[in-house]
Every structure is written in structure tokens, then in C-alpha cells.
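Colleague: Need coordinates for the below:
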Amino acid sequence: MDRMRQSLFSILGNMEGLSFLDLFSGSGIIGVEAASRGAQPVRLVEKDPRKRATIQKNIAFVESSIELVTAPVERFLKADRGSWDLIFLDPPFDFANKGEVLDEACQPPHLEAEGLAIRQRSSPWTGLASSSLTAGPTGSRFCCSSAIEDSRRRG
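Modeller: Numbers count the residues shown, from 1 in each chain. The predicted model follows:
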């Protein structure tokens, strides 16, 4: 994970002024890294309440504000009306609705018009809707952090 995180943030570079949403946050370390590179606001979404204490320890030393939401990602996306420059998704391997969640996260209002959705994967996802693999209707981009696939709307 450290190598992937290093590569990802080397590619993203300075994130000052960009909003960052981390879905399926786990330990929260991806959001911490985004905040340390200037992303603001940063929101972490993790459904497992047992991980809350670990995430709070990890974000405690960060100078900027990081919001933690303990809720299933599907429920968060239905309720959230925020618009994000960068959305990172790292769902558990056995997550049944990967394609639907990715589609939802990559649509307005969640992803900014020129935003970037990044999903972590160790192997290809199956069952993704075709819209997930192409540029969004407003020019948003989608990539996979383990095999950087960047589909941009051109023209």
C-alpha cells in the first residue's frame, strides 16, 4: 500500500485548493496524505464503526480539518450533495455493488465537472457499467491507481 500511495500522490502532486473525498476509508491514511498535500476540505467515509478510533488517531495530528463520516458509502452518496475535485475509492474485495457505487460517485453532484475519480484495485472489477470507464458527461475523468487508466473527454 505504501508504494501505491507514493505513486498515486506523486502523480497528483500539489493538491492545494482541491476537495478530496475518500470512500471506504479504512485507516484514513489516504485522506491524511491528501490533507498534508493541501487538499481542503477532506472527508472520509467508512462504514465500520470499529475503525473509527483508528481513523481518529490517524487524523489527530493533521493541522487541517478532516471530517469523518461513519456510514455505508451507498447511504452517504444518496444523502451527500457535495461536489468533489478528487474522489478515491478502495472498496473491500467482497463488496457486491462496486459498479453501482462507482457509477454513483462519478456522477453529479458528487464529482466536479473536471474532477478525477480514482479507484484502487488489485485485479479488474467485473460488472462495471460502461459509463464508469469513459469520461463523464461534464468532462470528469476516471482512473485506476494500480493500472492508471485515464479516460478524458477530448474535444
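Colleague: So which bits of the helix ranked longest in the chain are buried?
Modeller: Taking DSSP state H as the criterion, the chain has its longest helix at helix 2-12. Applying a neighbour-count criterion of 16 or more other CB atoms under 10 Å, the buried positions in helix 2-12 are 8-9, 12. For the C-beta atoms, the positions are set from N, CA and C on the backbone; glycine is no exception.
Colleague: Among those residues, which one sits closest to L86?
Modeller: L12 (7.3 Å; CB to CB).
Colleague: Of all the residues in stretch 16-32, which ones are buried?
Modeller: Within stretch 16-32, judged by 16+ other CB under 10 Å, the buried ones are 18-32.
Colleague: now E16: how far from G115?
Modeller: 16 Å (CB to CB, to the nearest Å).
Colleague: so where's the protein uncertain?
Modeller: 1, 93, 121-155 (pLDDT under 70).
Colleague: re the thing from before, dump the buried residues of helix 2-12 into CSV; add distance to F95 as well.
Modeller: As requested, these are arranged in CSV below (distance: CB to CB, whole Å):
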residue, distance to F95
L8, 20
F9, 24
L12, 24
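Colleague: Closest one to I66 out of those, please.
Modeller: The closest of these, once distances to I66 are taken by CB to CB, is F9, at 15.7 Å.
Colleague: And for that closest one, nearest residue in space, chain neighbours not counted?
Modeller: E33 (5.6 Å; CB to CB, 6 or more residues apart in numbering).
Colleague: Moving C-terminal from the helix or strand hosting the one you found, which element do we reach first?
Modeller: Taking DSSP states H and E as the criterion, E33 maps to helix 29-36. Sequence order places strand 42-46 as the next helix or strand after helix 29-36, per DSSP H and E.
Colleague: which residues are contacting that following strand?
Modeller: Strand 42-46 is contacted by residues 19-26, 28, 31, 34-35, 52, 55, 59, 64-71, 73, 76, 82, 84 when judged by CB atoms under 8 Å, 6 or more residues apart in numbering.
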